[in-house]
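Q: Provided below for reference: sequence and predicted model.
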Amino acid sequence: MTMLGGKTMFITGASRGIGLAIALRAARDGANVVIAAKTVVQHPKLPGTIHTAAAEIEAAGGRALAVECDIRDEGAVHAAVERAVATFGGIDILVNNASAISLTGTAQTPMKRFDLMIGVDVRGTFLCSQACLPHLARAASAGRNPHILTLSPPLNMDAKWFAPHVAYTIAKYGMSMCVLGMAEEFRPQGIAVNALWPRSVIATSAVAMIPGAAEQTARMRKPGIMADAAHAILTRDARTTTGRFFIDEEALAEAGVTDLSGYAMQPGTPLLPDLFL
């Protein structure tokens, strides 16, 4: 077994994109991966379902469990966690990847969309962390190096990060505040809680649906950079690496990876910075 071999990862929203890339990287180590997401029938504009993701994970060398789950639903989350534990014997890693986005101003954000972002991003992150906590604590007691990794940006209270899209920033910063607080709360138990965010925009099918984004694809990076950065974090000692807000480039640099040209959609093209950096 390699670094994550035999470990069980519970990851939300991993039917496609960055979440699927993180799951596949763990699968190449021989990890067990639980895909907890809503997509069981392919979206007309987006590829992938929990079942196609599971097939890719198993083809990559991992074991997969596809669980239909709306992470806003407390009962559904607890049921998904119990299925994961019944199937694989425990949970060693939680990746809070699922997120809803709307880059709209206050007047242009319907309350239904506001509620979706708060429900998925903040409530979902808190709920999944809470539901997995007893199993992560058992993993810590067994010396299995448990981690929670949340895909959210560094906290910065400068108004410029809020003004264009107040609701979305509140939702993403809510995820980051979970990282900040839970890292300190879970530190005595030996459970690491960290955040990961990209330096530049990542080319995913979801990003391509944002108006004007598709034309900028050449300036983006591939999801693999986030997968490799996540792997670098999740294989660090949980007792000494917690409460950090990693940027993908920095996580890789600390792991000794400095040539990032292979991650570029079009090498040599100036990168498109992420909206929170």
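A: That came through fine.
Q: ok, A238 touching I191?
A: Yes - between A238 and I191 there is a contact under CB atoms under 8 Å: 6.3 Å. For the C-beta atoms, the positions are set from N, CA and C on the backbone; glycine is no exception.
Q: Please identify every residue contacting each of those two.
A: Both A238 and I191 are contacted by A140, P146, H147, under the criterion CB atoms under 8 Å, 6 or more residues apart in numbering.
Q: residues touching the second one, list them.
A: I take that to be P146. I91, D92, I93, L136, A137, A139, A140, G190, I191, A192, A238.
Q: go on, the last one?
A: By CB under 8 Å, 6+ apart, H147 lies in contact with D92, I93, L94, I191, A192, V193, N194, I233, L234, A238.
Q: and the closest residue to the fifth one other than its chain neighbours, how many neighbours?
A: Looking back up the chat, that one is A192. Distance criterion CB to CB, 6 or more residues apart in numbering; nearest residue to A192, sequence neighbours excluded, is A238 at 3.6 Å. For A238, the neighbour count with other CB atoms under 10 Å is 26.
Q: confidence score at A238?
A: Looking at A238, its pLDDT stands at 98.
Q: for the one 5 residues further on, same thing?
A: pLDDT, G243: 98.
Q: and it, that one's in a strand?
A: No - checked against DSSP: H, G, I helix; E, B strand; the rest coil, G243 lies outside a strand; its state is coil.
Q: my guess is it contacts A183, does it?
A: Yes - at 3.4 Å, G243 counts as touching A183 under the criterion of CB under 8 Å.
Q: Name all residues that make contact with I191.
A: Counted by CB under 8 Å, 6+ apart, I191 has contacts L133, L136, A137, A139, A140, P146, H147, I148, A238, T242.
Q: which is the next helix or strand following the least confident helix or strand in the chain by mean pLDDT?
A: Ranked by mean pLDDT, DSSP states H and E, the helix or strand of the chain with the weakest confidence is helix 205-208, at a mean of 76. Following helix 205-208 in sequence order, the next helix or strand is helix 224-234 (DSSP states H and E).
Q: and that next one, C-alpha only, in PDB?
A: What follows is helix 224-234, C-alpha atoms only, in PDB (Å, rounded to 0.1, in the frame of the first residue of the first chain):
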ATOM      1  CA  GLY A 224      -4.900  17.900 -11.300                       C
ATOM      2  CA  ILE A 225      -3.000  20.700  -9.500                       C
ATOM      3  CA  MET A 226      -5.700  20.700  -6.800                       C
ATOM      4  CA  ALA A 227      -5.700  16.900  -6.600                       C
ATOM      5  CA  ASP A 228      -1.900  16.800  -6.100                       C
ATOM      6  CA  ALA A 229      -2.000  19.600  -3.600                       C
ATOM      7  CA  ALA A 230      -4.800  17.900  -1.600                       C
ATOM      8  CA  HIS A 231      -2.800  14.700  -1.600                       C
ATOM      9  CA  ALA A 232       0.300  16.500  -0.300                       C
ATOM     10  CA  ILE A 233      -1.700  17.900   2.600                       C
ATOM     11  CA  LEU A 234      -3.600  14.700   3.400                       C
END
